[in-house]
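Enquirer: Task: produce atomic coordinates for the following.
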Amino acid sequence: RGISGEGTGCYNTLAMSDDGCKTWKEIAYFIPDPKLAAQSIIDPRLTVTPEGPLLVLIPVSGQKGRSRSVWSVLLKNPLSKGEPFAFGPPKYVDFGFVGSPALIGGQVYFTANQNSSGPPPWHESVGMKLYRVLGIADDQIRTERVAYLPYAAADGSLNSCFEVSLADTGKDRILACFRTTNTQYMTRSHDGGTTWD
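Expert: Next up, the predicted model:
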């Protein structure tokens with residue numbers, strides 16, 4: 001009561017349906033660290049990994065000037081039929097806000113998006129950073145940063161680093177769509193995400 005939807009203390013619920021979405025069963029809660037003030041957990045992203053576990057990408061938003069960060073958690077047995085659900089330990093990925101993941105060329109890709117403020121140059125923690133999941137080890141994902149997506153405006157006049165959606169459009173071809181304070185933008189890669197139009 002009294003807490004805004006994306007305000008301090010916001011948490012997420014992971015739920016599952018076995019009957020075509022008629023009923024739901026809550027199986028996990030993702031909560032901010034109660035020892036750290038001014039945090040919330042908003043807009044998680046879900047995707048199945050090629051290995052089978054469900055990847056939950058969790059953005060932790062810091063209020064009052066604190067940086068956003070992306071964390072990952074694996075649900076190791078998403079098709080459990082009676083045994084308890086099992087999760088791997090949370091893992092920090094990078095500063096930013098997670099975009100929608102996509103399966104591209106058999107691997108999971110996602111972005112960690114931290115908006116810039118003011119003119120360049122910007123710290124390396126900001127921008128739209130493209131990640132690829134290399135595999136799973138010790139119940140955690142292994143990732144590599146592939147590249148930075150381009151800014152909509154090179155002078156920093158557009159806040160261009162939120163909610164990137166990715167799509168596989170062919171061999172080594174990726175389409176990315178993202179919003180700014182002005183409109184929607186799209187950019188394409190023809191080399192698996194290394195460089196972008």
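
Enquirer: With just CA atoms, put stretch 155-164 into CSV.
Expert: Provided in CSV are the C-alpha atoms of stretch 155-164 (Å, rounded to 0.1, in the frame of the first residue of the first chain):
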residue,chain,number,x,y,z
ASP,A,155,25.0,14.1,-29.9
GLY,A,156,23.0,12.5,-27.1
SER,A,157,19.9,14.6,-27.8
LEU,A,158,17.7,11.5,-27.7
ASN,A,159,17.4,9.2,-24.7
SER,A,160,17.8,6.1,-26.9
CYS,A,161,18.6,3.2,-24.7
PHE,A,162,15.4,1.5,-23.4
GLU,A,163,13.5,-1.6,-24.2
VAL,A,164,15.4,-3.0,-27.2
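
Enquirer: Now do it, average pLDDT.
Expert: Computed over stretch 155-164, the mean pLDDT rounds to 79.

Enquirer: Now find how far off-centre it is within its chain.
Expert: On the basis of C-alpha atoms, centre = their mean, to the nearest Å, stretch 155-164 sits 16 Å off its chain's mean C-alpha point.

Enquirer: Would you mind listing the buried residues in that stretch?
Expert: Gly156, Leu158, Asn159, Ser160, Cys161, Phe162, Val164 (16 or more other C-beta atoms under 10 Å). C-beta here means a position set from N, CA and C on the backbone, and glycine is covered the same way.

Enquirer: Which of these fall in strands?
Expert: Phe162, Val164 (DSSP state E).

Enquirer: Paired strands for the helix or strand of the chain with the lowest mean pLDDT, with orientation please.
Expert: Ranked by mean pLDDT, DSSP states H and E, the weakest helix or strand in the chain is strand 39-41, scoring a mean of 85. Strands adjacent to strand 39-41 in the sheet, as given by DSSP bridges, are strand 54-62 (antiparallel).

Enquirer: Quick one: work out the angle between the helix or strand just after the strand it pairs with and strand 54-62.
Expert: Using DSSP states H and E, the helix or strand that follows strand 54-62 in sequence is strand 69-75. Interaxial angle of strand 69-75 relative to strand 54-62 (axes from the mean of the first three to the mean of the last three C-alpha atoms, to 10 degrees): 150 degrees.

Enquirer: buried residues in the one helix or strand Tyr92 maps to?
Expert: According to DSSP H and E, Tyr92 maps onto strand 91-95. Buried residues in strand 91-95, counted by 16+ other C-beta under 10 Å: Lys91, Val93, Asp94, Phe95.

Enquirer: Output these as CSV; include the columns distance to Thr180 and pLDDT.
Expert: Compiled in CSV, those are given as follows (distance: C-beta to C-beta, whole Å; pLDDT from 0 to 100):
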residue, distance to Thr180, pLDDT
Lys91, 30, 94
Val93, 23, 94
Asp94, 21, 92
Phe95, 19, 88
